[in-house]
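Got a sequence here, can you model it:
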Amino acid sequence: MKFETLKDVLHWTREFHQQLSQSLLHSSSKNSDERARMTLTYLSDHEKALAKVVSGFETTGEEHALNTWCIDYMVHKPITQKPITQQAHVDEPFVSLDATQIISLIVDQHQQVIELYRYLASRADIPSAIELLETLSAMEEHEMMRMVQSTNRFGDL
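Numbering: from 1, shown residues only. From the prediction side, this is the model:
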């Protein structure tokens, strides 16, 4: 992943959610576990909705914040921070997983996006950029919790 501005970060995040949605949907019909199929379908729809939300930030975000350079932040990224593996969901890894394993993988990937936003916010100097990143981080965290809560309800069925 290579970012120059915060707009690039949002673009990457939108694509991340879109690709994840497609992968989840593609795997949903091939998984043999009914609860896993329900989880995959739900998560696919949720990821598609998240892509639209992030797209909204891309188009309506404050121009000054979106054009904030962050390439220097990524060069000096702490070594302890896990790299985000955008390709972790390619080639149908969800097909052989149960619902608990699926949600665990999705939570991990969302947590990495949240960590990226928090890291960039900690390095930003411009108040509008900090506000944007904190808003995105809070939104991702809220949506991640909502996904977990909703998928846990599938176990009650």
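
can you pull the contacts of the residue nearest to the spatial centre of the chain?
Centrality entry for the chain: nearest residue to the mean C-alpha point is H110, 4.4 Å, by Cα atoms, centre = their mean. Counting by Cβ atoms under 8 Å, 6 or more residues apart in numbering, H110 makes contact with 140, 143-144, 147. Using the backbone N, CA and C atoms, a C-beta is placed for each residue, glycine as well.

Low-confidence ranges, the protein, go.
Across the chain, the ranges flagged by pLDDT under 70 are 1, 72-92, 155-157.

residue boundaries of the strands in it?
Taking DSSP state E as the test, none of the chain falls into strands.

that older thread, give the PyMOL command for selecting the buried subset of the contacts of H110.
A single PyMOL command selects the buried members of the contacts of H110 (16 or more other Cβ atoms under 10 Å):
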select buried, resi 140+143+144+147
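
For the contacts of H110, which two are the farthest from each other?
The distance between the two most remote of the contacts of H110 (Cβ to Cβ) is 10.5 Å, for E140 and M147.

what ranges do the helices span in this structure?
6-28, 34-60, 63-66, 71-75, 99-123, 127-153 (DSSP state H).

Redo these as a markdown table? Include distance to P93.
Shown next, in a markdown table, are the helices of the chain (distance: least, Cβ to Cβ, whole Å):
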| stretch | distance to P93 |
| --- | --- |
| helix 6-28 | 8 |
| helix 34-60 | 11 |
| helix 63-66 | 33 |
| helix 71-75 | 27 |
| helix 99-123 | 8 |
| helix 127-153 | 17 |
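
Please identify the most buried of those helices.
Counting by mean count of other Cβ atoms under 10 Å, helix 6-28 has the highest mean neighbour count of those, with a mean of 20.

Remind me what that helix packs against, helices and strands.
helix 34-60, helix 63-66, helix 99-123, helix 127-153 (3 or more Cβ pairs under 8 Å, 6 or more residues apart in numbering; DSSP states H and E).

ok, now which ones touch A121?
Residues in contact with A121, defined by Cβ under 8 Å, 6+ apart, are 129-130, 133-134, 137.

can we see that at 6 Å?
130, 133-134 (Cβ atoms under 6 Å, 6 or more residues apart in numbering).
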